[in-house]
Each structure stands twice: as structure tokens, then as C-alpha cells.
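A.B. asks: Need coordinates for the below:
(chains A and B)
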Amino acid sequence: AQTVTQSQPEMSVQEAETVTLSCTYDTSESDYYLFWYKQPPSRQMILVIRQEAYKQQNATENRFSVNFQKAAKSFSLKISDSQLGDAAMYFCAYRSAGTGTASKLTFGTGTRLQVTL
Amino acid sequence: EPEVTQTPSHQVTQMGQEVILRCVPISNHLYFYWYRQILGQKVEFLVSFYNNEISEKSEIFDDQFSVERPDGSNFTLKIRSTKLEDSAMYFCASEVLADSPLHFGNGTRLTVT
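C.D. replies: Modelled structure (predicted):
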């Protein structure tokens, strides 16, 4: 079974600064997807970024980028130019690929990000 | 943009009662999921559903739980006899094809008293 570990329960960053959230995972599969989801106080689940394991290039979405290290099974999220609206719980998640059928997400325990002035 | 819609947003029920959580997935989606998040904890997979049958279920999804797609648009989660520990946020999600982006609903907060 796959596991996802987020070792930072809480992180804090000043507005306009950069912060990196860590995630490691364990799997024996070679083809999979990795995700970062943001959960604000409203408790919606908002997709921040997605990475396909077969792609060596790190995914980016505006101020959000990942550092995907497949051999090390590491998938960190970097948030640049942090904004007050970035304050939320961030979940790392894993999903098997290529199964041809419904495939569940396995989530980490989350990192609560505070953004200060 | 089409959305996954969940109703109600908050449901309060007494222990031992049956509860049905409702979801309307995006209309052309074929794969459906329920996830649960106990307050302050991680999001956990409950069940996946495709072609009118369960594809996979977790250990949490015991005989007290059932899912149904009764009319081709709604996707429901039923808990037969609620327990205090069923209090959680329940998220429905859907996708058009396997491996395509998953769309989450806004969740239903279930409180069992």
C-alpha cells in the first residue's frame, strides 16, 4: 500500500516571502500522480498542482512549483511571493496511474500554513 | 465551469439514525468517489464507484455504509445507523475518465449527537 508523509504539521511564512512544504511517499509503482491540495477554512478541497511521475520536468502553476525527486520519493511544494490568501491546510496526495479504472487518492496528514504580515 | 454539488452543507443527526448524503457529480463524469475527513485529520478514501458498481472500498466502508446512483444524476452515500465517530466532513468527487482531474464538491459536514 502507498503511504504519504508530511512531516511539518505547521509552517509560517511572511507575506511576499517563499516557503517550501515537504512531502515524501512510499510506493512500489512506477507510474503514478502526485498532487498538492489546498484546504482553506471553508474546507473546500482545491487542487493546487499535479505532477505525473513519468515527467522529469517539475510542474509549475504561477507562484506554485514543485520539486519532484522520484528516486528519493520526495515531492515538495514551493510557494513564492506568499499572499495572505495562501493561508490554509495543504495536503500532499498520491494516486496510481494507468489502472484503467477508478483510482483513489491517498492523502498525507497535512501542513497548516500561516502567512504573517 | 461545471461543479460537483453536495447537499446538505451541514447535517445534524442523532446516533442510531440513518442519514443520506447527496451529491450531483458533473454530468458527463463516469467515476465517483466518497472521501471522509474527521475534524483536524487527513482526508480518507471511502469508496469508488463506476458503471453502477463499487470499484474499491476502504476498511472504513463497512456494512453500515452504502452508495447508490439511483437516477443517473445523483450519487448518494447512506449510513444506516450513525455513530458518534461518523461525525466528519464527507466529500464527493467525480472525474470524466480514469486518471483525469478529480473534481471535489464542497463537502457535507455531518454531526452525530
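A.B. asks: roughly how far apart are residue B:34 and residue A:2?
C.D. replies: 19 Å (CB to CB, to the nearest Å). Where you see a C-beta, it was placed from the backbone N, CA and C, and this is true even at glycine.
A.B. asks: more neighbours, the two?
C.D. replies: Per other CB atoms under 10 Å in any protein chain shown, whichever of residue B:34 and residue A:2 has more neighbours is residue B:34, with 26 against 14.
A.B. asks: helix, strand or coil for that one?
C.D. replies: strand (DSSP: H, G, I helix; E, B strand; the rest coil).
A.B. asks: I'd say it and residue B:68 touch.
C.D. replies: No: assessed by CB atoms under 8 Å, residue B:34 is found out of contact with residue B:68, at 11.3 Å.
A.B. asks: Just list the residues touching the spatially most central residue of chain A, thanks.
C.D. replies: By CA atoms, centre = their mean, chain A has its centre lying nearest to residue A:36, at 2.8 Å. Neighbour list for residue A:36: A:21, A:23, A:47-49, A:64, A:66, A:75, A:77, A:90-93 [criterion: CB atoms under 8 Å, 6 or more residues apart in numbering or on different chains].
A.B. asks: which among those gets closest to residue B:110?
C.D. replies: residue A:91 (20.0 Å; CB to CB).
A.B. asks: Could you tell me how many residues sit around that closest one?
C.D. replies: 25.
A.B. asks: Would you enumerate the residues in contact with it?
C.D. replies: So, once contact is read as CB under 8 Å, 6+ apart, residue A:91 ends up touching A:6, A:36-39, A:45, A:107-108, A:110, B:42-43.
A.B. asks: and the nearest residue to residue B:4 once chain neighbours are set aside, what pLDDT?
C.D. replies: Nearest in space to residue B:4, with sequence neighbours left out and distances taken as CB to CB, 6 or more residues apart in numbering or on different chains, is residue B:105 at 3.9 Å. If you check residue B:105, the pLDDT there is 95.
A.B. asks: State the distance from the spatially most central residue of chain B to chain A.
C.D. replies: Central residue of chain B (CA atoms, centre = their mean): residue B:34, 3.4 Å from the mean position. Noted for residue B:34: a distance of 10 Å to chain A, by CB to the nearest CB, to the nearest Å.
A.B. asks: what's the helix or strand for the nearest residue to that residue once chain neighbours are set aside?
C.D. replies: Among residues not flanking residue B:34 along the chain, residue B:46 sits closest, at 4.3 Å (CB to CB, 6+ apart). Using DSSP states H and E, residue B:46 maps to strand B:43-50.
A.B. asks: farthest-separated two in the contacts of residue A:91?
C.D. replies: Longest span within these, CB to CB: A:6 and A:45, 15.4 Å.
A.B. asks: Cool, thanks, signing off.
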